[in-house]
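J.: Predicted model, plus sequence, below.
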Amino acid sequence: MKIIINGIGVAGPALGYWLTKAGHEVLLVEEAPRLRAGGYIIDFWGIGYDIAEEMGLIGEIRRLGYQVREVRFVGRDGRKRGGFDVTVFGRMTHDRFTSVPRSDVSATIYRAIEGKVEAIFGDSVAGIDEHDKGVRVTFDHAPSCDADLVIGADGLHSRVRRLAFGADSEFITSLGYHVAAFEVEGYRPRDELVYVSHGLPGRQVSRFAMRDDKTLFLFVFRDEYMCGGEPKSILCEAFAGSGWEWPQIERELARTSDLYFDTVSQVRMDRWTRGRTALVGDAAACVSLMAGEGTGPAIAEAYILAGGLHSSGGDFRAAFARYEQRSMPFLRRKQSSAANFASSFASKTSFGIALRSVLTELMRVPSIAELFIGRDLRDDIELPDYEIARS
């Protein structure tokens, strides 16, 4: 089949990888003019790690990743108030764990199929007209073409989802937070392989020292701290008087030209497929960054969808049904876990922040760490053994 995938993030290239192995003709379309860079760092383990290893990519992902040693919570004066040793994650996952920029995972998967699939950057699917034998697809810039299937892998604000299913307001649920991130060069101090966070009621700002003398800043804050204006002004007002390194961070924020800013939201749908159109990754079931693992499930969805299409003998409707049946319960559990975990990023009260500091110190005890996070580090889904994984 000829299959058009809108979106070159993580799910799109992962799906393209498996579809290409199965012999399908794939066209990848990406609205951005090039592969996206920046964003935030994700923890990579579990089901996504297993599939990336099957794809032969885990070595490169680990090379690009960071083996973080510590998560440290600090007060207004910069002194440590809590945190934990991240080796607890490595112990629980048998060292199958790394922290890596999401854009590096995307780029690694894309390079595995670069030159094997057609890719168009700076464009997007603009119209989907289904007919008896396929679908006519129009684009913002490229000439229209016919295909057998259209896949929306274009993220939280998916255009394919709007075209095939309806407005964002029908499916996007805010968790009550906003997030922002940016990178700078030459920031001091640097705490190598330590994720440093300063929490205030309803807000948290964090930094992480990256390679090439770069530092990543991540902001999470409750929606009640939103005000009018553009993103930089919103952040400056929300974090004014924060103490710690805020005056220095504010100066770096003023200079940056590449600021990621968005709501912390989930996509909740009863169906991910309609006719010859399907959704995958964040377009289908964004779990939000609060899950800490949205990339892994997106890779799993891509594998399950591609494997189902390959084993269905051309019956895409049957493949779509199996894809939803296998993936939806797993993603709904991830969404529920993320929603419950959200308050740990930006507790409403000073007492909540202090309590988090105490509880994280207790994670030094293995049995307590297992109680707190053991369940979330186990992906309760069994992957089908598709033929394409063995070829």
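T.: Yep, that arrived.

J.: quick check: mean pLDDT across the helix ranked longest in the chain?
T.: Using DSSP state H to define each element, the chain has its longest helix at helix 316-341. Per-residue pLDDT values across helix 316-341 average out to 90.

J.: what's the span of stretch 64-83 from first residue to last?
T.: Start and end residues of stretch 64-83 are separated by 24 Å (C-alpha to C-alpha, to the nearest Å).

J.: Show me what the longest strand seen in the chain pairs with in its sheet, parallel or antiparallel.
T.: Under DSSP state E, the strand in the chain containing the largest number of residues is strand 172-185. Paired neighbours of strand 172-185 in the sheet (DSSP bridges): strand 214-222 (antiparallel), strand 260-267 (antiparallel).

J.: now the angle from the helix or strand just after it to strand 214-222?
T.: Moving toward the C-terminus from strand 172-185, the next helix or strand (DSSP states H and E) is strand 194-200. Between strand 194-200 and strand 214-222, the angle formed by their directions is 30 degrees, by axes from the mean of the first three to the mean of the last three C-alpha atoms, to 10 degrees.

J.: So which residues make contact with strand 194-200?
T.: Contacts with strand 194-200, where a contact means C-beta atoms under 8 Å, 6 or more residues apart in numbering, come from 68-76, 86, 99, 204-209, 239, 242-245, 346-347, 353, 356. Heads up, the C-betas are built off the backbone N, CA and C, glycines and all.

J.: CA atoms only: put it into PDB for me.
T.: Extracted in PDB, the C-alpha atoms of strand 194-200 (Å, rounded to 0.1, in the frame of the first residue of the first chain):
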ATOM      1  CA  VAL A 194      22.300  16.300  38.100                       C
ATOM      2  CA  TYR A 195      18.700  17.500  37.400                       C
ATOM      3  CA  VAL A 196      18.300  20.500  39.600                       C
ATOM      4  CA  SER A 197      14.800  21.800  40.400                       C
ATOM      5  CA  HIS A 198      13.500  24.800  42.500                       C
ATOM      6  CA  GLY A 199       9.800  24.500  43.500                       C
ATOM      7  CA  LEU A 200       7.400  27.200  44.600                       C
END
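
J.: coming back round to it: so which elements touch the helix or strand just after the longest helix of the chain?
T.: Sequence-wise, the next helix or strand beyond helix 316-341 is helix 350-362, with elements assigned using DSSP H and E. Other elements packing on helix 350-362 under the criterion 3 or more C-beta pairs under 8 Å, 6 or more residues apart in numbering; DSSP states H and E are strand 70-74, strand 80-85, strand 194-200.

J.: repeat that with 6 Å
T.: strand 80-85 (3 or more C-beta pairs under 6 Å, 6 or more residues apart in numbering; DSSP states H and E).

J.: got the buried residues for the strand it packs on?
T.: Burial within strand 80-85, assessed by neighbour count using 16 or more other C-beta atoms under 10 Å, is assigned to Arg81, Gly82, Gly83, Phe84, Asp85.

J.: relative to strand 194-200, how tilted is that strand?
T.: Per the same axes, to 10 degrees, the angle that strand 80-85 makes with strand 194-200 is 140 degrees.

J.: tell me how far the helix or strand just after strand 80-85 is from the chain's mean position?
T.: Later in the chain than strand 80-85, the nearest helix or strand by DSSP H and E is helix 87-92. Chain-centre distance of helix 87-92: 21 Å, with C-alpha atoms, centre = their mean, to the nearest Å.

J.: start at 781 instead
T.: Yep, numbering from 781; the last one is helix 867-872 now.

J.: contacting residues for Val959?
T.: By C-beta atoms under 6 Å, 6 or more residues apart in numbering, the contact list for Val959 reads Val1000, Asp1042, Val1044.

J.: would JSON lines of these with neighbour count be doable?
T.: What follows is the contacts of Val959, written out as JSON lines (neighbours: other C-beta atoms under 10 Å):
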{"residue": "Val1000", "neighbour count": "23"}
{"residue": "Asp1042", "neighbour count": "15"}
{"residue": "Val1044", "neighbour count": "23"}
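
J.: With pLDDT and distance to Gly966 as extra columns, can I get those in TSV?
T.: As requested, those are exported to TSV (pLDDT from 0 to 100; distance: C-beta to C-beta, whole Å):
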residue	pLDDT	distance to Gly966
Val1000	94	25
Asp1042	91	26
Val1044	91	29
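
J.: tell me which of these is nearest to Thr1036?
T.: Closest approach to Thr1036 among the contacts of Val959 (C-beta to C-beta): Asp1042, at 15.8 Å.

J.: which residues does the closest residue to that closest one other than its chain neighbours bridge with?
T.: In space, and not counting its chain neighbours, Asp1042 is closest to Val959: 6.0 Å by C-beta to C-beta, 6 or more residues apart in numbering. On the basis of DSSP bridges, Val959 is bridged to Val1000, Asp1042.

J.: Now do Val959, the pLDDT please.
T.: 93.

J.: Output the below-cut-off pLDDT ranges for this protein.
T.: Segments of the chain classed as low confidence (criterion: pLDDT under 70) are 1071-1074, 1146-1160, 1170-1171.

J.: any idea how far the residue at the greatest distance from the centre of it lies from Asp926?
T.: Residue farthest from the centre of the chain, counting by C-alpha atoms, centre = their mean, is Asp912 at 35.4 Å. Separation of Asp912 from Asp926 (C-beta to C-beta, to the nearest Å): 12 Å.

J.: what's across from Ser977 in the sheet?
T.: Applying DSSP bridges to Ser977 yields these beta-bridge partners: Phe853, Ser986.

J.: Report the inter-axis angle for the longest helix of the chain versus strand 952-965.
T.: If you take the same axes, to 10 degrees, helix 1096-1121 sits at 70 degrees to strand 952-965.
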